[in-house]
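[1] sequence and predicted structure below; questions after.
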Amino acid sequence: MAITRMTLDEIKARPSKRDRARIKATTEDDIRRHMIEDGEDPDAELREEDIISPWYIRKRLGMSQQQFADTLGIPIATLRNWEQNRVMMEPATIALMRILAHEPKAALRALRRRAA
């Protein structure tokens with residue numbers, strides 16, 4: 001894929017790919033129906049271990065952004081982008097966050113770097 005360089009004004013002038021009117025028209029009943037269609041229980045309580053937010057997991061582990069980024073082996077800027085929802089996490093990253101949420105001790109043990 002070719003890289004296209006654009007100015008901020010050019011980016012802002014492009015039409016949005018989101019149908020904002022449709023999003024605004026979405027009702028709670030629509031959301032509930034979508035959850036059921038996706039196999040989720042809309043009445044289920046949200047459990048702490050179901051939260052896969054990198055920010056939440058990092059805070060629960062008591063780590064700074066730098067410590068968490070170093071543990072994951074990623075640039076701190078990448079972690080900040082995930083935490084601020086600027087960039088979506090890849091499916092493999094989501095899986096890692098689930099593991100960290102459910103089995104933090106085992107995940108941290110597996111991520112620990114061994115001395116060469």
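    Here it is on my side, so go on. Numbering: from 1, shown residues only.
[2] could you pull out the helices in this protein for me?
    8-13, 20-25, 28-37, 54-61, 65-72, 76-83, 91-102, 104-111 (DSSP state H).
[3] count of residues packed around the closest residue to residue 41 other than its chain neighbours?
    In space, and not counting its chain neighbours, residue 41 is closest to residue 35: 7.5 Å by CB to CB, 6 or more residues apart in numbering. Heads up, the C-betas are built off the backbone N, CA and C, glycines and all. Using other CB atoms under 10 Å, residue 35 is surrounded by 14 other residues.
[4] again, but for residue 5
    For residue 5, using other CB under 10 Å, the count is 5.
[5] swap in residue 93?
    16.
[6] contact partners for it?
    residue 82 (CB atoms under 8 Å, 6 or more residues apart in numbering).
[7] just to check, residue 99 is in contact with residue 107?
    Yes. Contact status for residue 99 versus residue 107: in contact at 4.7 Å, counting by CB atoms under 8 Å.
[8] I'm done for today, thanks for sticking with me.
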